[in-house]
Structure formats: C-alpha cells, structure tokens
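Asker: Compute the structure for the input listed below.
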Amino acid sequence: MVLIGPGGVGKGTLAQRLIDADEQLWLSQSWTTRTRRDTEDGNEYHFVDRPTFERAVADEKFLEWAEFNENLYGTPVPDAPVGRDVLLEIEVQGAEQVRQKVSDTVVFLIMPPSLEELEERLRARGDHEEHVKFRLSSTPRELARGRELASYEVVNDDLGTATGEILSILEELRQRRRDPSKKD
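Answerer: Sure, this is the predicted structure:
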C-alpha cells in the first residue's frame, strides 16, 4: 500500500495514524539525503549523506529511489514481519517504480483540500520560501501523475475522516484477498 501526494498534504501524519490504528500495517522507513527539518524528531526518515545513499543504490538495497529537489529519497527493499501489510509513504516517481515491480500495489493519492491549505501546511512545517514556491509550482504536475497511478483518491481535509476512509478501503481489500469470489 502506497501513500502519494504533494509535499505538505499530510502523508507522514496520515501514515502514522494508519500504523497506530491497524496492527497489520508495517511502515517502511524511507532514506533521504535531505537535511532534517527543525520540526522533525529524526524518526521520519533514515537521514544519510549522499555517498552512503549512493552505495546503497549500487548495492541494490532499494525497492525504489529518486532524486527530488536536489535530494535523494528511497525505500529499502521491505523486510516486513510475516502477515503484515507494507505501507510506503513516497513520492509519485517512487510509486511508479514500485508499481512496475509489485503488480498488486494499491496506491492512495492523498489530496489537499485546496492549494491555499497546502500552502499553509508547507509554511507551518517550516519550509523555506523558495521551497514552498517550488512545491506549489510542482503540485499540478504531481497531482496529474498521481491520478494516473492512483487506485484511490482521498482528500485530507480532516485527519480522522481520511484515516477512516483508507482503513475502510483496506479492510475491503483484505476481505477480497481472503475470499476472491467476493470481488465485484
């Protein structure tokens, strides 16, 4: 299961809520070469320098990886406990790679309630002005690519509602997996 969407839409917060609410989900921790934000505690990513990241790429340790805004981001090949569903919180480019490698990937495009709200969220998390402008300018392209990939779209205007919607869809998918004869 993959969460994608523009920066500031709340993917990280939503992923944590999903993990807290569903014992069957296992969150893969992505790697990045970007600097940790002041608002982060360090658990959001495995923060590494560029040479360390590039060695991991050369050693084929990533399910997907991409360069975005001059930083590298990647998802290690998942090593989830048996019986757990893997949850990835990644960029659109990464979701494309995952879809190519794992055919039954379910992609959730997390949508902002509005571009104004997205801008407020980016500023609230402490992003620099040039980064906010870059993110806002790339949002329409990201959403268009995301819509092509997405199995489902969820508007994150209320965290509890968005979490509930995804959990409901996930339960329906698990039911289908347990009993394939109940597909519509």
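
Asker: all strands in this structure, in order from the N-terminus.
Answerer: For the chain, the strands defined by DSSP state E occupy 2-4, 25-27, 31-32, 46-47, 62-68, 71-76, 85-89, 107-111, 152-155.

Asker: nearest to residue 178, of those?
Answerer: Of all the strands of the chain, strand 85-89 sits nearest to residue 178, with 12.7 Å by Cβ to Cβ. Every C-beta, even on glycine, is put in place using the N, C-alpha and C of the backbone.

Asker: now the closest one against strand 62-68, angle please.
Answerer: Relative orientation of strand 85-89 versus strand 62-68 (axes from the mean of the first three to the mean of the last three Cα atoms, to 10 degrees): 10 degrees.

Asker: What angle do strand 71-76 and strand 85-89 make with each other?
Answerer: Interaxial angle of strand 85-89 relative to strand 71-76 (the same axes, to 10 degrees): 180 degrees.

Asker: Can you spell out which helices and strands pack onto strand 85-89?
Answerer: Under the contact criterion of 3 or more Cβ pairs under 8 Å, 6 or more residues apart in numbering; DSSP states H and E, strand 85-89 touches strand 2-4, helix 11-21, strand 25-27, helix 92-101.

Asker: could you dump that strand to CSV, C-alpha only?
Answerer: Extracted in CSV, the C-alpha atoms of strand 85-89 (Å, rounded to 0.1, in the frame of the first residue of the first chain):
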residue,chain,number,x,y,z
ASP,A,85,0.9,-5.4,5.0
VAL,A,86,3.6,-3.0,3.9
LEU,A,87,2.8,0.8,3.9
LEU,A,88,5.0,3.1,1.9
GLU,A,89,4.9,6.9,2.1
